[in-house]
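# give me coordinates for this.
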Amino acid sequence: MVDPVAADTTTDQRAPDVLAATPPMGWNSWDCYGGSVREHEVIANAEYLRDHLLPYGWDHVVVDIQWYEPTADAGGYHAGAVLDLDEHGRPRPSPNRFPSAAGGAGFAPLGARIHAMGLRFGLHVLRGIPRQAVALRLPILGTQWTAADVADHERVCPWNPDNLGLNHDHPGAQAYYDSLLARFAEWGVDYVKADDMLVPYHAAEIEAFARAIESCGRPMTLSLSPGTDLSVEHVDHLAAHSRLWRISDDLWDRWPDVRAQFDRAARWAPHAGPGRWPDADMLPLGRIGIRAHGGDDRASRLTRDEQRTLLTLWAMARSPLMFGGDLPSADEWTLGLLTNDAVLRITRDSVGNRRLRRDGDLDVWTASSADGRRRYVAQFNLGDEAVASEVTAAEFGVDADDPATDLWSGAEPTRFGASRTTPLPAHGCVLLAIETAR
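Residues are numbered from 1 along each chain as shown. Next up is the predicted model:
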């Protein structure tokens, strides 16, 4: 849907010298393919992104976890699986799943193909060093040390068996990350989703990863995961060493998962800005669960009202937007959600984003366009019954005669009024843009 109030794009906050100047937007393989995505599926989603969503700002293609495991499937993680590693203990894509990686090419061919579409290429990586590299005592590139010298057998991921931790008191730990990110740079990686970083908070790990990116010779956006109930006290450290960080565990197509994000987003939204984005997680919309870890092949179980609510909250909080469904299977409804430029404009160009008030199950958020000529008002009903929500012009600093546009319906603007009462369905919302001379 073309934004009826956003024809002028001169106010977009896209500082060219800031990496991730606006919240990253794109596709990630996790929600539909779990750890088992294959090259042809990545390409199909990238081509759909190019053909249908790139003009709206969706430009990242991210291959999620286990791309180095030949036997990865929908059954979860496999302890003891033989991984594809190079001679220095660095993971490389399994050729049985990524044929263009054969002969040691790695992800360079796939990265080049994605770049040729005008898109950015992203990879998932797990904190630490592969157990297999440690057991084989593989040498760390450019050093006299082996993987066994730098492994930490205590600080390991509690949910994935592939890696041991790294002992960052040993200089070989930094050398390993330096070699890993240098290889990612050779492959043309633009975006790195580093997992098992935040709960507990691995400060030394985050700093080592940031240093490795700094020295790799290629700009890369660093995304940190997962962050269930991540404390805001870490915000300065996070902003200094990464560009986005998760504020929750994995979010799935369940209303309780979406509802739980409201308080988290309210805590973190005031800290968002160019190059520093609290991340409310991926969008489990469209067709998901094709080979995901748990669940089944399905259309998102969120109702249409819940889907609009999810996207409205993500926009008002300026969360990154990573679509998790299979794009070639997307229906017209889902495509309409992803191409509503009036809503996406809030993600890329708004300031002062915050929760204004919470009254029981009614949540009210506000933001402004960067030039101050537009106010955004979002009213959410988190309850299980339909209710009416009242707001006033005074609380948003607008005039009663200012025109307001419903950004989801696309209806003609109406006078905002001194007060405005809107019926909201269960788990539903309304999102308004108010043009103001103030």
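# residues near Asp384, how many?
9 (other CB atoms under 10 Å). (Each C-beta comes from the backbone N, C-alpha and C, glycine too.)
# for Val150, same thing?
28.
# I'd like the distance between it and His170.
5 Å (CB to CB, to the nearest Å).
# same for the longest helix along the chain, what does it pack against?
Using DSSP state H, we find that the single longest helix of the chain is helix 171-187. With contacts taken as 3 or more CB pairs under 8 Å, 6 or more residues apart in numbering; DSSP states H and E, helix 171-187 sits against helix 108-116, strand 120-126, helix 147-150, strand 163-166, helix 203-215.
# tabulate the ones you listed (CSV), appending mean pLDDT and distance to Asp371.
Shown next, in CSV, are the helices and strands packed on helix 171-187 (pLDDT from 0 to 100; distance: least, CB to CB, whole Å):
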stretch, mean pLDDT, distance to Asp371
helix 108-116, 98, 33
strand 120-126, 98, 28
helix 147-150, 98, 51
strand 163-166, 98, 46
helix 203-215, 98, 33
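# distance to Ser369 for the ones you listed - can I get that in CSV?
Below are those laid out as CSV (distance: least, CB to CB, whole Å):
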stretch, distance to Ser369
helix 108-116, 32
strand 120-126, 26
helix 147-150, 49
strand 163-166, 44
helix 203-215, 32
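# thinking again about what came up before, so which elements touch the helix or strand just after the longest helix of the chain?
Per DSSP states H and E, the first helix or strand lying C-terminal to helix 171-187 is strand 191-195. For strand 191-195, the elements it packs on are strand 60-63, strand 120-126, helix 203-215, strand 221-224, judged by 3+ CB pairs under 8 Å, 6+ apart.
# which one of these lies closest to Arg348?
strand 60-63 (13.7 Å; CB to CB).
# could you check how far the closest residue to Ala272 other than its chain neighbours is from Gln261?
Distances taken as CB to CB, 6 or more residues apart in numbering place Arg318 nearest to Ala272, at 4.6 Å, with adjacent residues excluded. According to CB to CB, Arg318 stands 13 Å off from Gln261.
# so between the two, which is more surrounded?
More neighbours surround Arg318 than the other of Arg318 and Gln261, with 25 against 20 (other CB under 10 Å).
# quick check: the more buried one touching Thr347?
Yes - with contacts counted by CB atoms under 8 Å, Arg318 reaches Thr347, the gap being 5.9 Å.
# Ala239 and Arg276, how far apart?
Taking CB to CB, one finds Ala239 at 4 Å from Arg276.
# sorry, slip of the keys, the one I care about is Pro219.
From Pro219 to Arg276 the distance is 16 Å (CB to CB).
# which one's more surrounded, those two?
Arg276 (18 against 11).
# pretty sure the more buried one is touching Arg243, no?
Yes - contact criterion CB under 8 Å: Arg276 and Arg243 qualify, at 6.8 Å.
# can you point out the buried residues in stretch 301-308?
Leu302, Asp305, Glu306, Gln307, Arg308 (16 or more other CB atoms under 10 Å).
# alpha carbons of the helix or strand hosting Phe380, as PDB, please.
For Phe380, the host element (DSSP H and E) is strand 374-381. The C-alpha coordinates for strand 374-381 follow below in PDB (Å, rounded to 0.1, in the frame of the first residue of the first chain):
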ATOM      1  CA  ARG A 374       3.500  14.200  11.600                       C
ATOM      2  CA  ARG A 375       2.400  12.500  14.800                       C
ATOM      3  CA  TYR A 376       1.900   8.800  15.000                       C
ATOM      4  CA  VAL A 377      -0.700   7.300  17.400                       C
ATOM      5  CA  ALA A 378      -1.000   3.600  18.000                       C
ATOM      6  CA  GLN A 379      -3.800   2.100  20.200                       C
ATOM      7  CA  PHE A 380      -3.600  -1.500  21.200                       C
ATOM      8  CA  ASN A 381      -6.100  -3.800  22.800                       C
END
